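K.L.:
Here is my input, please return the structure:
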Amino acid sequence: MIQTSDAERSEAECSATAMLPVSAGVGRTLVLLTVFVCAACGLVYELELIALADYLVGDTVTHTSIVLSLMVFAMGLGSLGAKRLRGHASVNFGLIEVVLALVGGTSAMTLHLSFLLFGEATPMLVCFSLAMGVLIGAEMPLLMTLIQRIRQQDAGRAVADLSAADYVGALLGGLAFPFLLLPLFGRLNAALLTGVVNALAGGVLVLWLFRSDLCPRVRRRFLLLSVGVVATLLACMAVVPPLEQAAAERLGTSSSALGPGRSG
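P.N.:
Numbering: from 1, shown residues only. Predicted coordinates for the structure are as follows:
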């Protein structure tokens, strides 16, 4: 009897044509739209960390460098680690998006809490930069696998399409953060709402477009997980006003004690 190795089974799953509820062209467009949305969310998380570092800690140049450097480094680690997840690309991508939505969405609140409880936000800033970088870096290899399962095409063309959607999404996120999200919702609510959008984008892709990849039990569990994360993010909005007020008061006291030299 011929034995099939785990690597061969994983490769077979990666190359199997997906059974979609729509045509291949529509399915491919939906994957690219998901790339667009996830890229926008990822850049909003990044800008959120930089803005909070300036607001809570000061020293904008140093903390901007820390956030950007750590996130780019962690994205490389996430991209490498995603190679082991390609065998079940759809469900693993969905899980990554749900975790990223929870981590990124609650990052602003956690940094505020760290500042209020310990008077310091830099350690949490480092942790969030690394965690979100790993999760964001794992997205693209899995999306590459998914789009190739819809319709096999030249790898260069697939990478070009995914990169274009990624860069345009990042542009939208970069413009939406200062001109739309911050003025309308503030730092904390902007992060929470971005997490909700992130979770919904991943959930729709997995639970609808690639639903044939999931058995009913896994589908139910993933649905409950996604709903739980979205509900948690929305519920967190109730504590935003007192948290922002406490941080503002703490910063006012610190600024008075330190004199006019404090940034933030």
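K.L.:
Give me the distance between stretch 174-186 and the centre of its chain.
P.N.:
Stretch 174-186 sits 17 Å away from the centroid of its parent chain (Cα atoms, centre = their mean, to the nearest Å).
K.L.:
What's the end-to-end length of it?
P.N.:
End-to-end distance of stretch 174-186 (Cα to Cα, to the nearest Å): 15 Å.
K.L.:
ok, residues contacting it?
P.N.:
Stretch 174-186 has contacts (Cβ atoms under 8 Å, 6 or more residues apart in numbering) with 40, 43-44, 47-48, 51, 190, 193-194, 240, 244. All C-beta spots, glycine's among them, are computed from the backbone N, C-alpha and C.
K.L.:
where does the stretch 151-264 of the chain dip in pLDDT?
P.N.:
253-264 (pLDDT under 70).
K.L.:
on that earlier part again, list just the nearest of the contacts of stretch 174-186 to residue 119.
P.N.:
Closest approach to residue 119 among these (Cβ to Cβ): residue 244, at 17.1 Å.
K.L.:
so which strand or helix has the closest one?
P.N.:
Here residue 244, judged by DSSP states H and E, is contained in helix 240-258.
K.L.:
Closest to residue 142 out of the contacts of stretch 174-186?
P.N.:
residue 40 (17.8 Å).
K.L.:
Tell me who's in contact with that closest one.
P.N.:
So residue 40 contacts 169-170, 172-173, 176 (Cβ under 8 Å, 6+ apart).
K.L.:
Check whether residue 218 really touches residue 90, as I assumed.
P.N.:
No: using Cβ atoms under 8 Å, residue 218 makes no contact with residue 90, being 10.3 Å away.
K.L.:
burial of the closest residue to residue 100 other than its chain neighbours, as a residue count?
P.N.:
Spatial nearest neighbour of residue 100, chain neighbours left out: residue 135 (4.2 Å); criterion: Cβ to Cβ, 6 or more residues apart in numbering. Counted with other Cβ atoms under 10 Å, the neighbours of residue 135 add up to 23.
K.L.:
and residue 178, how far is that from residue 119?
P.N.:
28 Å (Cβ to Cβ, to the nearest Å).
K.L.:
So residue 21, which state does it fall into?
P.N.:
Per DSSP: H, G, I helix; E, B strand; the rest coil, the local secondary structure of residue 21 is coil.
K.L.:
Can you name the residues that contact the residue nearest to the spatial centre of the chain?
P.N.:
Nearest to the mean C-alpha position of the chain, counting by Cα atoms, centre = their mean, stands residue 100 at 4.1 Å. If you count contacts by Cβ under 8 Å, 6+ apart, residue 100 has them with 41-42, 45, 132, 135-136, 198.
K.L.:
Let's see that with 10 Å instead.
P.N.:
38, 41-42, 45, 131-132, 134-136, 138-139, 195, 198-199, 202, 229 (Cβ atoms under 10 Å, 6 or more residues apart in numbering).
K.L.:
before we move on, back to that, which one of residue 218 and residue 90 has more residues nearby?
P.N.:
Shown here are residue 218 and residue 90; by other Cβ under 10 Å, residue 90 has more neighbours (22 against 14).
K.L.:
element containing the more buried one?
P.N.:
Taking DSSP H and E as the definition, residue 90 sits inside helix 89-118.
K.L.:
which is the next helix or strand following that helix?
P.N.:
Counting by DSSP H and E, the element after helix 89-118 in chain order, helix or strand, is helix 122-150.
K.L.:
Tell me the buried residues in that next one?
P.N.:
By 16 or more other Cβ atoms under 10 Å, the buried positions in helix 122-150 come out as 122, 124-125, 127-150.
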